[in-house]
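Colleague: Sequence plus the predicted model coming up.
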Amino acid sequence: MRKMKGFLLVCCFIPLTAFASGPEMRLDKAPLHPTDKISLQRGAQAFVNYCLTCHSAEYMRYNRLRDLELSEKQISENFIFTGQKVGELMTVAMKKKEAKQWFGVAPPDLSVIARSRGPDWLYTYLRTFYRDDSTATGWNNLLFDKAAMPHVLYQLQGEQTLEVQAEDNGHGGTHEVKKLKLTSPGVLSKAEYDAYVADLVNYLVYLGEPAATKRTQLGAIVMLFLFLMLGLTYALKKEYWRDVH
């Protein structure tokens, strides 16, 4: 029995030690606005311009963009560049086998990437690329080391380089601190680029669950209805049992 307790105790602590085995980069909070349809439209435009060339969204159809107050004509003219129809899925022409040969790994489908990674992870990832000549693409990422994906937004953000500095850890020693420095400005300023990425991440969150906002609104209405029914039911119960007591 003691051996069993000891075994269970060890099993409980193994995940904790693994989690604490190394420092993790702090994620920046993604400024999401899930009900802002203008932001979602801008994010959708960024997605089809920069992401959909390599990454698919096979669980989403173009016509769902109508939920963002876009007409089929607007969708066809501004969001579809491959000759596909508005009712078709957001797929890419590149085959996974070819993509693996070119990039070393096939680009993942992005339909539920925000639900898998989280919006804060995506927001931080898309803003922390830097130049690295040791990689095949010439790019690396502070959050995802040796990422196979090149920095497709570098013309907007510019080029960053990695600087490693030694700082006092407060215990008589030093620790390395990695920082990024913008060495070649892009088309957008830092604030403009952060806003651009925020719109893109906002759309990726929408992409993972397009009905999330409506579901939340419907849930609030249902809860309000149930509370009202609770009050009416209690009043009915008091009236029914009044003469009994």
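Modeller: Yes, it's here.

Colleague: now the strands: where do they sit in this structure?
Modeller: Secondary structure of the chain (DSSP state E): strands at 57-61, 89-90, 129-131, 139-141, 158-168, 174-185.

Colleague: Quick one: residues in contact with the fourth one.
Modeller: Residues lying outside strand 139-141 but in contact with it, judged by C-beta atoms under 8 Å, 6 or more residues apart in numbering, are 125, 128-132, 134, 146-147, 149-151, 154, 162. Where you see a C-beta, it was placed from the backbone N, CA and C, and this is true even at glycine.

Colleague: Name the helix or strand of this structure that has the lowest mean pLDDT.
Modeller: Here the helix or strand of the chain ranked lowest by mean pLDDT, DSSP states H and E is helix 2-19, holding a mean of 38.

Colleague: re the thing from before, got JSON lines for the strands of the chain, with distance to L110 too?
Modeller: Rendered in JSON lines, the data for the strands of the chain read as follows (distance: least, C-beta to C-beta, whole Å):
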{"stretch": "strand 57-61", "distance to L110": "5"}
{"stretch": "strand 89-90", "distance to L110": "9"}
{"stretch": "strand 129-131", "distance to L110": "17"}
{"stretch": "strand 139-141", "distance to L110": "16"}
{"stretch": "strand 158-168", "distance to L110": "23"}
{"stretch": "strand 174-185", "distance to L110": "24"}
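
Colleague: Out of the ones you listed, which gets nearest to T216?
Modeller: The closest of the strands of the chain to T216 is strand 57-61. By C-beta to C-beta, the value is 19.5 Å.

Colleague: what mean pLDDT does the closest one have?
Modeller: Mean pLDDT, strand 57-61: 92.

Colleague: For the top helix by length along the chain, buried residues please.
Modeller: Longest helix of the chain, by residue count under DSSP state H: helix 212-241. Residues of helix 212-241 include none that count as buried (16 or more other C-beta atoms under 10 Å).

Colleague: Pull the distance from it to the chain's centre.
Modeller: 35 Å (C-alpha atoms, centre = their mean, to the nearest Å).

Colleague: what packs against that helix?
Modeller: Here helix 212-241 touches no other helix or strand, going by 3 or more C-beta pairs under 8 Å, 6 or more residues apart in numbering; DSSP states H and E.

Colleague: Adjust the sequence numbering to begin at 39 for everything that follows.
Modeller: Happy to do that; since the first residue is 39 now, the last one works out to helix 250-279.

Colleague: Relative to R153, how far out is L108?
Modeller: Computed as C-beta to C-beta, to the nearest Å, the L108 to R153 distance reads 23 Å.

Colleague: quick one: which of these two has more around it?
Modeller: L108 (20 against 14; other C-beta atoms under 10 Å).

Colleague: Do you know the pLDDT at that one?
Modeller: 94.

Colleague: Which residue is the nearest non-sequential neighbour of it?
Modeller: Nearest residue to L108 in three dimensions, chain neighbours excluded: Q79, at 6.6 Å (C-beta to C-beta, 6 or more residues apart in numbering).

Colleague: Just list the residues touching the one you found, thanks.
Modeller: If you count contacts by C-beta under 8 Å, 6+ apart, then Q79 has L106, E107, L108 around it.

Colleague: Spatially nearest residue to V86, not counting backbone neighbours?
Modeller: F117 (5.0 Å).

Colleague: Wait, the one you found touches A82, no?
Modeller: Yes. Under the contact definition of C-beta atoms under 8 Å, F117 touches A82, with a separation of 6.5 Å.

Colleague: Can you pull the residues that touch both of these two?
Modeller: L103.
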